[in-house]
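Asker: here's my sequence, what's the structure:
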Amino acid sequence: MTDKGKKHNKPALPGRQAEPRQQNAVWRRRFILGGTASGLGLMRMVHAQQPQERKVRVGIVGGRFGSTFQFHEHPHCLVAAVTDLRPERRKRLQQVYQCPTAYDSMEEMLRHHRQLDAVAIFTEAPNHVPHTLEALRAGKHVLCAVPAAMTLEECEKLIEAVNRSGLTYMMAETGYWQQFTISVREFYKHGAFGQIYAAYSMYRHPGLESLWWEDGKATWRHGFPPMHYPTHCTVHLISITGERLTAVSCLGWGDDSPLLRGNPYNNPFWNETAEFTTDRGHSFRVEVWWAGAHLGCERAEWYGTKMSFICDNRLGTPSTIILTSPLEELDSGGFRRAAAQVQRYNVPQWWNTELLPPPLRHDSGHEGSHTFITHEFIAALVEERRPAIDVYEAVAYTAPGIVAHQSALRGGERLSIPNFDRRPG
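Answerer: Next comes the predicted model:
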């Protein structure tokens, strides 16, 4: 049975069947950051119509990933210095950010360029905490690439250092500002889901072994445990509902490949699949897969009591909304069951709205997220407020993966995830 010809009351859903002008009007004059556990709610947007005299002086550390952001386009930012250990990458940073001042190392930059307000760290994952701590000790605000930390001890150390410094820390998790994630956060905020009782997120990136060696030498990526890179998935639940992940059972798969042997992490797995439990008793499945016959993707599915949302699956099925309805149908056994109402959802180009200052309203890396990361960090500093992904959010995204990998090494043993969310005051 279908719902052809029948009329039903439909909840108002952002972006569905709406013209771009209408979409812009809905979100005008505010920057939506969602109801996360950090208590951010609705954050004020910095517009061109609201000029601020202050320019944040930023130093960029790391010339590969670090060259893909838009600090030089932000009206309240000045890229004052750049650094990378490799001369060719330093030159690339200088070209992208139109910055004449370059240093051979981050240490040299922090020592000699004391006028910097902040540093954006895009170095190797094992160096994220050491580099962040060094920047905080130098009195600089920090934006850091994912993951936030490598161990639970580093998670604790990072939180203590940020609180002790009184400075701003933000993690540059791209998944928070994927265009579909922004939509889902809006759906949730307006109650469209009812209660989200389960979610499913996958980060599939086959072929990463091409980055495991360079000039015959192993890089930091060689054998990196999949669940040590969980934030592209954990963001899909935590940033929507504010839940915390409290326990996990994880299974890993490896094939004793010679490529995995001798890696510095003693990691035997190509792929890891985790089943998390949240502090509200909900289930959350996460896949981080780096090998096998599958399509690369960063996507998620959210299942609610009134509505569910399914991301584009790269096989021709677009983003889809599933709604409960009074309709019925017969299953293959002849039994009656509820017939859901299925609708295609056209994800808005949120980067082309007043959520961003005019110079940043263009598509950017990781599904339009880079301009949002750029803006959120600078806006948080100018407005002297907590950023969307502060140190507590960053650790909430990161720590569950660290525990999940330990579970996989123990054959799927169910382990508790410590709660680091002890905010002062």
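Asker: what about the residue nearest to R280 when sequence neighbours are not counted, which SS state?
Answerer: In space, R280 comes closest to E243 once its chain neighbours are excluded; the distance is 5.5 Å by Cβ to Cβ, 6 or more residues apart in numbering. All C-beta atoms are positioned from the backbone trio N, CA, C, and that covers glycine. Recorded secondary structure, E243: coil (DSSP: H, G, I helix; E, B strand; the rest coil).
Asker: before we move on, what about V286?
Answerer: Classification of V286 by three-state DSSP places it in strand.
Asker: hmm, C233 and it touching each other?
Answerer: Yes - using Cβ atoms under 8 Å, V286 makes contact with C233 at a distance of 4.4 Å.
Asker: shared neighbours of the two, which are they?
Answerer: With contacts defined as Cβ atoms under 8 Å, 6 or more residues apart in numbering, the residues shared by V286 and C233 are 201-203.
Asker: which one of these sits closest to G254?
Answerer: For the shared contacts of V286 and C233, the minimum distance to G254 (Cβ to Cβ) is 17.4 Å, reached by Y203.
Asker: so what's the residue count around that closest one?
Answerer: Residues lying near Y203 (other Cβ atoms under 10 Å) number 23.
Asker: grab the nearest non-local neighbour of it.
Answerer: Leaving out its chain neighbours, the residue that sits closest to Y203 by Cβ to Cβ, 6+ apart is H232, at 4.3 Å.
Asker: which helix or strand lies directly C-terminal to the helix or strand containing that neighbour?
Answerer: Applying DSSP states H and E as the criterion places H232 in helix 231-241. Per DSSP H and E, the first helix or strand lying C-terminal to helix 231-241 is strand 245-253.
Asker: give the buried residues for that next one.
Answerer: For strand 245-253, a neighbour-count test (16 or more other Cβ atoms under 10 Å) marks 245-250, 252 as buried.
Asker: list the contacts for L152?
Answerer: 399, 402-403, 418.
Asker: at 7 Å what do you get?
Answerer: By Cβ atoms under 7 Å, 6 or more residues apart in numbering, the contact set of L152 is 399, 402, 418.
Asker: would you list those residues in a markdown table and tack on distance to G139?
Answerer: Listed next are the contacts of L152 as a markdown table, based on distance: Cβ to Cβ, whole Å:
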| residue | distance to G139 |
| --- | --- |
| A399 | 27 |
| I402 | 29 |
| P418 | 30 |
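Asker: return the member of these nearest to M171.
Answerer: Nearest to M171, judged by Cβ to Cβ, of the contacts of L152 is A399 at 12.3 Å.
Asker: what mean pLDDT does the helix or strand containing R92 have?
Answerer: Element membership for R92 (DSSP H and E) is helix 87-97. Averaging pLDDT along helix 87-97 gives 97.
Asker: that one: what's the following helix or strand?
Answerer: strand 102-103.
Asker: could you say what helices and strands that following strand packs with?
Answerer: Judged by 3 or more Cβ pairs under 7 Å, 6 or more residues apart in numbering; DSSP states H and E, the packing partners of strand 102-103 are strand 77-83, helix 87-97.
Asker: so what strands line up beside it?
Answerer: Strands that pair with strand 102-103, judged by DSSP bridges, come out as strand 77-83 (parallel).
Asker: is it true that A291 touches R204?
Answerer: No - counting by Cβ atoms under 7 Å, A291 does not reach R204; the two are 9.6 Å apart.
Asker: out of the two, which sits in the more crowded spot?
Answerer: Shown here are A291 and R204; by other Cβ under 10 Å, A291 has more neighbours (21 against 18).
Asker: does the more buried one belong to a helix, a strand or coil?
Answerer: Quick answer, by three-state DSSP: A291 is coil.
Asker: related to what we said a few turns ago, which of the contacts of L152 tops the neighbour count?
Answerer: Ranked by neighbour count (other Cβ under 10 Å), the contacts of L152 have A399 at the top, with 26 neighbours.
Asker: let's verify that residue: helix, strand, or coil?
Answerer: Per three-state DSSP, A399 ends up helix.
Asker: the helices in the stretch 51-200 of the chain, which residues?
Answerer: With helices called from DSSP state H, counting those that start in this stretch, the stretch 51-200 of the chain shows them at 87-97, 106-112, 128-137, 152-165, 179-189.
Asker: which of those sits most buried?
Answerer: Sort the helices of the stretch 51-200 of the chain by mean neighbour count, taking mean count of other Cβ atoms under 10 Å, and helix 179-189 sits at the top with a mean of 23.
Asker: and the angle from that helix to helix 231-241?
Answerer: Using axes from the mean of the first three to the mean of the last three Cα atoms, to 10 degrees, the inter-axis angle of helix 179-189 relative to helix 231-241 is 30 degrees.
Asker: relative to T83, how far out is the residue lying farthest from the centre of the chain?
Answerer: Relative to the mean C-alpha coordinate of the chain, counting by Cα atoms, centre = their mean, the farthest residue is G334 (44.1 Å). Distance, G334 to T83, using Cβ to Cβ, to the nearest Å: 69 Å.
Asker: what of R285?
Answerer: From R285 to T83 the distance is 40 Å (Cβ to Cβ).
Asker: who's more crowded, the two?
Answerer: Taking other Cβ under 10 Å, R285 and T83 do not tie; T83 has more neighbours (26 against 17).
Asker: surely that one is in contact with L110?
Answerer: No - using Cβ under 7 Å, T83 is not in contact with L110; the gap is 9.2 Å.
Asker: how about the strands of the stretch 251-400 of the chain, start to end?
Answerer: Listed in chain order, the strands of the stretch 251-400 of the chain (DSSP state E, counting those that start in this stretch) span residues 271-278, 283-289, 297-304, 307-310, 320-323, 328-330, 336-338, 341-344.
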